[in-house]
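# the sequence isn't on hand, but the structure is:
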């Protein structure tokens with residue numbers, strides 16, 4: 001009985017978190033019914049009242065109910081065993097929610113959000129520009145957020161600036177909307193030698209973790225950007241995905257168009273059913289390797305910047321992004 005109640009409470013918190021805005025109780029009920037929960041409006045109101053008292057949610061007569069910071073922490077910390085593989089679900093949800101149309105170059109894309117101290121902004125820009133010039137980033141576009149600005153379910157902390165980098169799963173969303181199903185298999189550390197990818201030295205499967213693998217590698221300082229621009233040697237974050245063999249050419253064309261728009265960077269497409277950088281590929285599939293969207297942030301952490309990151313965290317309109325080369329001018333508005 002207690003287990004069923006806990007599941008429903010967590011489901012309510014998850015609906016509020018994913019909405020990114022206050023919701024009325026009837027909307028929450030509809031969302032849970034759509035997710036397959038057998039629950040009545042009266043039961044929802046009972047749970048919401050209880051969670052209000054515990055500080056997990058708050059109610060505003062004008063806007064509705066929203067999840068609090070305490071509620072977000074509770075959701076992230078509870079039932080870890082159930083969240084194994086949740087990242088894969090999160091990737092699919094975000095890829096479905098984004099609506100970028102590659103033909104008219106309009107719509108939303110997935111981004112990662114990272115926060116750096118305002119006092120470190122100038123030095124960060126000095127480092128980010130050469131990192132983007134190496135070509136080992138997911139596209140060439142970026143976004144900035146002011147302190148206090150809402151970024152999905154998170155808010156930029158006081159004294160910090162938000163940096164939005166294009167998430168590699170934007171490719172998943174565009175391919176999916178063009179009729180090509182994508183399976184993201186793992187994130188890993190990719191060895192670069194002479195400017196070329198050679199092999200993965202560490203990998204974490206997306207269906208076996210509740211945390212983005214690149215976040216783990218980055219916070220553990222396992223990436224190495226310091227020598228790439230000079231020697232063409234180092235370790236970067238990347239992920240391996242699979243698509244149907246028949247869709248390989250079309251996917252490569254779409255990836256090329258995204259790269260021209262500054263939204264993508266697929267390092268390599270493999271041949272159908274052939275290993276890709278020593279990684280076996282499933283029958284009837286072709287593999288691809290996409291650059292990790294948090295690579296620029298890894299370079300900051302490598303250079304001892306104070307950074308808070310949230311991978312696969314929000315969706316933003318394509319028009320809100322700008323080319324990295326204009327960072328020195330853009331930061332004047334964020335001091």
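Alright, I've got the coordinates. Quick caveat: nothing in here was measured; it's all calculated off a predicted structure.
# for the rest of this, base every contact and every neighbour count on C-alpha atoms.
OK.
# show me where the protein has its strands.
When assigned using DSSP state E, the strands of the chain occupy the ranges 57-60, 64-67, 108-117, 141-145, 150-151, 154-155, 160-166, 183-193, 196-205, 234-244, 266-269, 285-291, 307-317, 322-323.
# so what strands line up beside the third one?
It refers to strand 108-117. Applying DSSP bridges, strand 108-117 is found paired with strand 160-166 (antiparallel), strand 307-317 (antiparallel).
# could you dump the strands of the chain to a markdown table with distance to residue 332, mean pLDDT and mean neighbour count?
Shown next, in a markdown table, are the strands of the chain (distance: least, CA to CA, whole Å; pLDDT from 0 to 100; neighbours: other CA atoms under 10 Å):
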| stretch | distance to residue 332 | mean pLDDT | mean neighbour count |
| --- | --- | --- | --- |
| strand 57-60 | 36 | 90 | 17 |
| strand 64-67 | 33 | 90 | 21 |
| strand 108-117 | 15 | 96 | 24 |
| strand 141-145 | 11 | 97 | 21 |
| strand 150-151 | 20 | 84 | 18 |
| strand 154-155 | 21 | 84 | 16 |
| strand 160-166 | 12 | 96 | 26 |
| strand 183-193 | 35 | 94 | 21 |
| strand 196-205 | 36 | 94 | 16 |
| strand 234-244 | 30 | 96 | 24 |
| strand 266-269 | 32 | 95 | 19 |
| strand 285-291 | 29 | 97 | 24 |
| strand 307-317 | 20 | 91 | 19 |
| strand 322-323 | 14 | 98 | 14 |
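# pull up the gap between the closest residue to residue 101 other than its chain neighbours and residue 99, please.
If the residues on either side of it in the chain are set aside, residue 101 comes closest to residue 107, at 6.0 Å by CA to CA, 6 or more residues apart in numbering. As judged by CA to CA, to the nearest Å, residue 107 and residue 99 stand 5 Å apart.
# neighbour count: the two, which is higher?
Taking neighbours as other CA atoms under 10 Å, residue 107 and residue 99 compare with residue 99 leading, 20 against 15.
# surely residue 301 and residue 220 touch.
No - the pair residue 301 and residue 220 fails to qualify as a contact (CA atoms under 8 Å) at a distance of 9.5 Å.
# give me the more crowded residue out of those two.
Per other CA under 10 Å, whichever of residue 301 and residue 220 has more neighbours is residue 301, with 17 against 12.
# what are the boundaries of the helices in the protein?
For the chain, the helices defined by DSSP state H cover 2-19, 25-34, 41-53, 69-77, 80-83, 86-97, 121-133, 170-177, 213-219, 228-231, 248-260, 295-302, 327-330.
# that older thread, mind checking which of the strands of the chain is nearest residue 14?
Residue 14 lies closest to strand 64-67 among those, at 8.8 Å (CA to CA).
# ok, back up a step: redo the strands paired with strand 108-117 as JSON lines? Include distance to residue 125.
Formatted as JSON lines, the strands paired with strand 108-117 follow (distance: least, CA to CA, whole Å):
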{"stretch": "strand 160-166", "distance to residue 125": "11"}
{"stretch": "strand 307-317", "distance to residue 125": "14"}
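# and the residue nearest to residue 70 when sequence neighbours are not counted, what's its pLDDT?
Once flanking residues are discounted, residue 70 sits nearest to residue 56: 5.4 Å by CA to CA, 6+ apart. Looking at residue 56, its pLDDT stands at 92.
# show me what contacts residue 302?
Residue 302 makes contact with 221, 223-225 under the criterion CA atoms under 8 Å, 6 or more residues apart in numbering.
# TSV for those, including distance to residue 242?
Formatted as TSV, the contacts of residue 302 follow (distance: CA to CA, whole Å):
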residue	distance to residue 242
221	28
223	24
224	26
225	27
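# so which of the residues you listed is the closest to residue 169?
Comparing the contacts of residue 302 against residue 169 with CA to CA picks out residue 223 as the nearest, at 19.9 Å.
# before we move on, back to that, I'd say the residue nearest to residue 101 and residue 318 touch.
Yes - applying CA under 8 Å as the test, residue 107 and residue 318 come out as touching, 5.9 Å apart.
# give the residues shared as contacts by the two.
residue 100.
# could you give the number of residues near residue 63?
11.
# do residue 270 as well
Neighbours of residue 270 (other CA under 10 Å): 18.
# find residues that contact each of residue 301 and residue 220.
Listed as contacting both residue 301 and residue 220 by CA under 8 Å, 6+ apart is no residue at all.
# by mean pLDDT, point me to the weakest helix or strand of the protein.
One helix or strand of the chain scores below all others by mean pLDDT, DSSP states H and E: helix 80-83, with a mean of 54.
# list the buried residues for stretch 29-46?
29, 31-32, 44 (16 or more other CA atoms under 10 Å).
# list just the nearest of these to residue 149.
Nearest to residue 149 among those, counting by CA to CA, is residue 31 at 26.6 Å.
# list the contacts for that closest one?
residue 15.
# what about it, distance to residue 148?
29 Å.
# with adjacent residues omitted, what lies nearest to residue 290?
In space, residue 290 is closest to residue 266, 4.3 Å off (CA to CA, 6+ apart).
# end to end on stretch 239-248, go ahead and measure it.
17 Å.
# surely residue 320 is in contact with residue 144?
No - using CA under 8 Å, residue 320 is not in contact with residue 144; the gap is 9.0 Å.
# all set, thanks.
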